[in-house]
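Undergrad: 3D, please:
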Amino acid sequence: MSTNITNTYRQAKDIFNNADLFNTIIIEAKSIAIFRKHLSEMIKRQHSDKRFTSTLLDNNKLEVIRIK
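TA: A predicted model of the protein is given here:
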């Protein structure tokens, strides 16, 4: 089992479980690519119909919106 050095797994899990539809969430992630990977893997693993969009802001901040 790998270790969660970047803390992106926990952020992705929280957003996946708690984000309301069309709710805008801004997070600060150490690795944007790893965060997006974790979120997409959660969707696939749980066969969820949830969909998210994300936009990179300045200073490693990411805006995440649940769109479905």
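Undergrad: helix, strand or coil for residue 53?
TA: Assigned by DSSP: H, G, I helix; E, B strand; the rest coil, the conformation of residue 53 is strand.
Undergrad: which residues in the chain form strands?
TA: Remark: strands assigned in the chain by DSSP state E are 24-28, 52-56, 61-66.
Undergrad: Enumerate the positions of the first one that are buried.
TA: It stands for strand 24-28. 25, 27 (16 or more other C-beta atoms under 10 Å). Where C-beta positions appear, they are placed from N, C-alpha and C, glycine not excepted.
Undergrad: and the strands of the chain as JSON lines, adding mean pLDDT?
TA: Converted to JSON lines, the strands of the chain look like this (pLDDT from 0 to 100):
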{"stretch": "strand 24-28", "mean pLDDT": "94"}
{"stretch": "strand 52-56", "mean pLDDT": "93"}
{"stretch": "strand 61-66", "mean pLDDT": "94"}
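Undergrad: can you list those strands in CSV and add distance to residue 44?
TA: Formatted as CSV, the strands of the chain follow (distance: least, C-beta to C-beta, whole Å):
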stretch, distance to residue 44
strand 24-28, 21
strand 52-56, 13
strand 61-66, 16
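Undergrad: Minimum distance to residue 18: which of these has it?
TA: strand 24-28 (8.9 Å; C-beta to C-beta).
Undergrad: circling back: between the strands of the chain, which gets nearest to residue 10?
TA: Per C-beta to C-beta, nearest to residue 10 of those: strand 24-28, 10.6 Å.
Undergrad: And the contacts of that closest one?
TA: 11, 15, 19, 35, 57, 59, 60, 61, 62, 63, 64, 65 (C-beta atoms under 8 Å, 6 or more residues apart in numbering).
Undergrad: Quick check: the fifth one touching residue 63?
TA: If I follow you right, that is residue 57. Yes - counting by C-beta atoms under 8 Å, residue 63 is a contact partner of residue 57 at 5.7 Å.
Undergrad: Could you give the number of residues near residue 36?
TA: 17 (other C-beta atoms under 10 Å).
Undergrad: per-residue confidence for the residue nearest to the spatial centre of the chain?
TA: In the chain, the centroid-proximal residue (C-alpha atoms, centre = their mean) is residue 12; its distance is 3.8 Å. For residue 12, the pLDDT comes out at 93.
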